[in-house]
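For reference, the sequence and a predicted model appear below.
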Amino acid sequence: MDARTRLIRSLLGLAVLLGVFFALAAHALHEGRYLHDEGLLTHLFALVTARAPAAGLFLQKSRPPISALYAPFSGSLSAFFWAHIVVGAAGIVALWGAARALGHAVPLAAPAILALSPLYIGGAVAGLSNTDVVAGICVFAWLHASDRRVAAAAVLGVLPWIRAEVGVLCIVMAVWTIRRRAWKELAALPAYGALYGLAGIAYHHDPIWFLHYPPALPEPMPNNPFWAEHGGTVGIAELVGTAVALTPAMPALALCRWSGARPLERLGLTFCVAFSVALVVLPAWRVFNFDQSPRYLLPVLPFVALAVGRVVGGFMDEREEPGRFAVPALAVLAVLAYVGALSARHPTGLLAVTFVAVALTAQRLNGHGLAGLLLAVPVALGPWVFGDGGKIDTRSAAPHLARMIEGLEETVGQAPKVVYTNEALLWARLQQERRLPGVTVLYIVQEDQRFELERLANDRVGQRDALWEAMTPNAYGRPIRPDALRPDTVPLGAVFALTKDARLPLVMPPARWDGMLEVVRPGYGMVISVRVEGGAP
Amino acid sequence: MMIWRWGPPAALSLVCLLGVGERLLSGPPITARAGQRTPAPPEAFALLDDLEIGEKLAGWTVLGLTGPRDGALQLDVARDDIRFSITVAARGAVQFPAPRTTARYDLYYGHPHPRGTEIPDNAIRAIMAGIERRVRRNEADVVVPGLSLPET
């Protein structure tokens, strides 16, 4: 087969892959399966940037690169979600380009792993910034593998302003470029940050504004009860669930050969180890305010896909043997997966290890095609079988939402009504399902949300006010600030749809609200109440 | 084809398959929540009108009563493979509007298992009403050590 025919076949395969990705995304979007508060936050920052561009762009927390990207689509939730899915698809194309440039025997394997990753599909549909950064890493990998290394470094330098934790990759890359004395790449790495920082001086009137107003809280809000409920440590079952939700091909990493990997792939694997350790271990000491959500680990996915893609290619073209320690490494993974399965609903991690072990057996019996197929099966089944551990589907993240809406319908009917809520998803779900058209949702801004916005925005140049003003028409509904929510500002008969949240007493202290609300529809983790007369003054 | 090449991964595959089979046959794990919590003292059972483990409440079996922890007792009930919990909390211990209240306690329900299971409304109403009656009958006379607002 000549190179041209190979390219055409590969392009056709890529087109099929993108078709599958779009079909899965469209189905999930239609079902509303991945409505997620972090995705709505991406939309909110894009909306704010569209309404108050300077205040939005020079708030590092707003993830300026993607807020600017999605601002034109922020007028409608649906347009925003589709724009986000298209960016996810662009990441798949870029990873295909990277795999080709790296000389993979099966260049479709890596993009297939990405396109069929349960977490990547869910994150793309949900609007999570985590998948934007994955797409950015794919572009970085493609540029780097194509020997456009300065451009690659420049792209990589943008990514910490989308997800701060990807700074780990920048550090790994910086060390690597210094070791190679690649000074142009090293200079390109902070280019975006330098330009952005310089541009922000004019707005903030502060030469070190980017330190005074960082992209994330250096430490959580003091006495935030949210953190009292989150231990900061994670169990083996959760880790295994996360790994296979990233990709069920994850155990195939045990088959990788370090010596067979290209420098970029080695850089990627080094990053995977450093990043995973940082995200799994650091929260135990409350370093950064990560909350152990599996989606934080998404940035490892492109490099895992490239590494496993090389393994699959090695299987298929019979040139490369798996690493010498493949069996012991798989055995260790099997033990971890079994321990995880003891407290998980389904032994999906162990199932994924089994597929890899059987594939390795087939390869050692010279059944190379069968081995490749056996690795492909769990990847293809991923969106249906291995997604549980991702925990980004609405049913896992907000199991009370459906019941809350039913309860509201029973309470409010079709009458025009104001509903106060601390549920970030309520407004968007009502919009998506076109239910309760007469209801105006007032979103109760939580104290730590207010703290974060005000800590990270500059009051002296009017940025805080500009942001609040830009959010006033719509931020998970019409936002109501903690200091504005008092019994005397809430009319009798107003409805409250509240989810159980340790932070709620900070904005609705029981001493002030005791007796002011009558429960009319109780439920799991949520309650619907009506403002009544009486209670403490 | 030498056995030392394919033997180890084949053996590992077999072990993994057996492990998957064993996990599937053993059914979903019963999370050890109740087992890890402290069993409730006799006063807690007295507060609930001398409730007994295994007793039926509206057709649901009492699995256990644990706590107090953070000013609350947790009562687990089950029917077939479905479980959920009733929480009896000292007033103000759980800062969230309570579906039912007595003079000194707030009553909640939650923790359906398997996660996301819808427990029939009539079962919840009946069990909650039953627990409320029991607590009302005894709350003036029974003091449960630790069942008060947590120290701040």
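Now that the structure is in, tell me what you want to look at.

So, low pLDDT: which residues of the chain?
Answering for chain A, as no chain was given. Applying pLDDT under 70 to chain A flags residues A:219-233, A:284-291, A:534-537.

wait, I meant chain B there
For chain B, residues meeting the criterion pLDDT under 70 lie at B:1, B:27-37, B:115-116, B:149-152.

ok, longest helix in it?
helix B:3-25 (DSSP state H).

now chain A
Longest helix in chain A, counting by DSSP H: helix A:3-31.

how much distance is there from that one to the middle of the chain?
22 Å (C-alpha atoms, centre = their mean, to the nearest Å).

Quick check: buried residues in it?
A:Ser10, A:Gly13, A:Leu14, A:Leu17, A:Leu18, A:Val20, A:Phe21, A:Phe22, A:Leu24, A:Ala25, A:Ala28, A:Leu29 (16 or more other C-beta atoms under 10 Å in any protein chain shown). C-beta here means a position set from N, CA and C on the backbone, and glycine is covered the same way.

Now chain B against chain A: closest residue?
Per C-beta to the nearest C-beta, the residue of chain B with the smallest distance to chain A is B:Pro99, at 3.1 Å.

A strand includes B:Leu107, no?
Yes: counting by DSSP: H, G, I helix; E, B strand; the rest coil, B:Leu107 falls inside a strand.

Determine the set of other helices and strands touching the longest helix of chain B.
In terms of contacts (3 or more C-beta pairs under 8 Å, 6 or more residues apart in numbering or on different chains; DSSP states H and E), helix B:3-25 is packed against helix A:326-342, helix A:348-364.

so which of those helices is the most packed in?
helix A:348-364 (a mean of 27; mean count of other C-beta atoms under 10 Å in any protein chain shown).

Is that one positioned near chain B?
Yes: contact of helix A:348-364 with chain B (C-beta under 8 Å from any C-beta of the partner chain) involves A:Leu350, A:Leu351, A:Val353, A:Thr354, A:Ala357, A:Val358, A:Leu360, A:Thr361, A:Arg364.

Mind putting those residues into a markdown table with distance to B:Val15?
As requested, the residues of helix A:348-364 next to chain B are exported to a markdown table (distance: C-beta to C-beta, whole Å):
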| residue | distance to B:Val15 |
| --- | --- |
| A:Leu350 | 10 |
| A:Leu351 | 13 |
| A:Val353 | 10 |
| A:Thr354 | 9 |
| A:Ala357 | 8 |
| A:Val358 | 12 |
| A:Leu360 | 13 |
| A:Thr361 | 12 |
| A:Arg364 | 16 |
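
residues near A:Arg478, how many?
Number of residues near A:Arg478 (other C-beta atoms under 10 Å in any protein chain shown) recorded here: 15.

quick one on the thing from earlier: got the CA coordinates for the longest helix of chain B in CSV?
Output in CSV follows, covering the C-alpha atoms of helix B:3-25 (Å, rounded to 0.1, in the frame of the first residue of the first chain):
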residue,chain,number,x,y,z
ILE,B,3,5.3,-21.5,26.9
TRP,B,4,7.4,-19.0,28.9
ARG,B,5,6.3,-16.4,26.4
TRP,B,6,2.6,-16.9,26.4
GLY,B,7,2.2,-18.8,29.7
PRO,B,8,2.5,-15.9,32.2
PRO,B,9,0.0,-13.6,30.4
ALA,B,10,-2.3,-16.5,29.8
ALA,B,11,-2.2,-17.3,33.5
LEU,B,12,-2.8,-13.7,34.4
SER,B,13,-5.7,-13.6,32.0
LEU,B,14,-7.2,-16.6,33.6
VAL,B,15,-6.8,-15.1,37.1
CYS,B,16,-8.4,-11.8,35.9
LEU,B,17,-11.3,-13.6,34.3
LEU,B,18,-11.9,-15.6,37.6
GLY,B,19,-11.7,-12.3,39.5
VAL,B,20,-14.2,-10.6,37.2
GLY,B,21,-16.5,-13.6,37.5
GLU,B,22,-16.2,-13.7,41.3
ARG,B,23,-17.0,-10.0,41.5
LEU,B,24,-20.0,-10.3,39.2
LEU,B,25,-21.4,-13.3,41.0
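
tell me which residues of that helix are tucked away?
Using 16+ other C-beta under 10 Å as the test for burial, helix B:3-25 gives B:Trp6, B:Pro8, B:Pro9, B:Ala10, B:Leu12, B:Ser13, B:Val15, B:Cys16, B:Gly19, B:Val20, B:Arg23.
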